[in-house]
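Novice: Would you be able to build a 3D model of this:
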Amino acid sequence: MRIRLNTIHIILILLFFPKEYRCNKCYQCNSKKDKDCGLNKVDPKYLKICPMTHPYCHYFTDSREYSTIRECAKWRNAERECYRGRYSADSYQLTCECKGSGCNRSANLKPHLHYLYTLSQLLVLLYANYIILDA
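Specialist: Residues are numbered from 1 along each chain as shown. Here you go, the predicted model:
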């Protein structure tokens, strides 16, 4: 009986665990060579699975070349979602980093609801556990 309950718990966790924590997908394109990879608009065909070693997404824009590049990332700046770096007197790069499937879609990154989603899934799991144990 105990083994069966553990199996049910594992299945419920896998079913309700957010997909972005199981497998991360990021938009991966470069506006210099991909026409439909603009600053605020990107074609869904560029949403691709990232390697497990790259759990984050980012995009950056270059003021000198007026280009936007989106890709998977190994690390991110935990203090700021977006930051500006200067590389020469007349050029800067705006970099935005995030976690979550497809979060590097546009220049208007919004805070994610990961915590709320995870909490709701935990409540579902606890409720299911309560129903199973009472049955």
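Novice: so how far is Tyr83 from the nearest residue to Glu65 once chain neighbours are set aside?
Specialist: Nearest residue to Glu65, sequence neighbours excluded (Cβ to Cβ, 6 or more residues apart in numbering): Lys32, at 7.0 Å. To be clear about C-beta, it is placed using only N, CA and C from the backbone, and glycine gets the same treatment. Shown here: Lys32 relative to Tyr83, a distance of 22 Å by Cβ to Cβ, to the nearest Å.
Novice: Over to Arg64?
Specialist: Distance from Arg64 to Tyr83, by Cβ to Cβ: 18 Å.
Novice: about what we covered before: am I right that the residue nearest to Glu65 is in contact with Asp62?
Specialist: No - the pair Lys32 / Asp62 is not scored as a contact, 9.3 Å apart, by Cβ atoms under 8 Å.
Novice: Looking at these two, which one has more neighbours?
Specialist: A count of neighbours by other Cβ atoms under 10 Å puts Asp62 above the other of Lys32 and Asp62, at 16 against 13.
Novice: So what sits opposite the residue lying closest to the more buried one once chain neighbours are set aside in the bridge?
Specialist: In this structure, Asp62 finds its nearest non-sequential neighbour in Gln93, 5.4 Å apart by Cβ to Cβ, 6+ apart. Per DSSP bridges, the residues bridged to Gln93 are Asp62, Gly85.
Novice: Okay then, goodbye and thanks.
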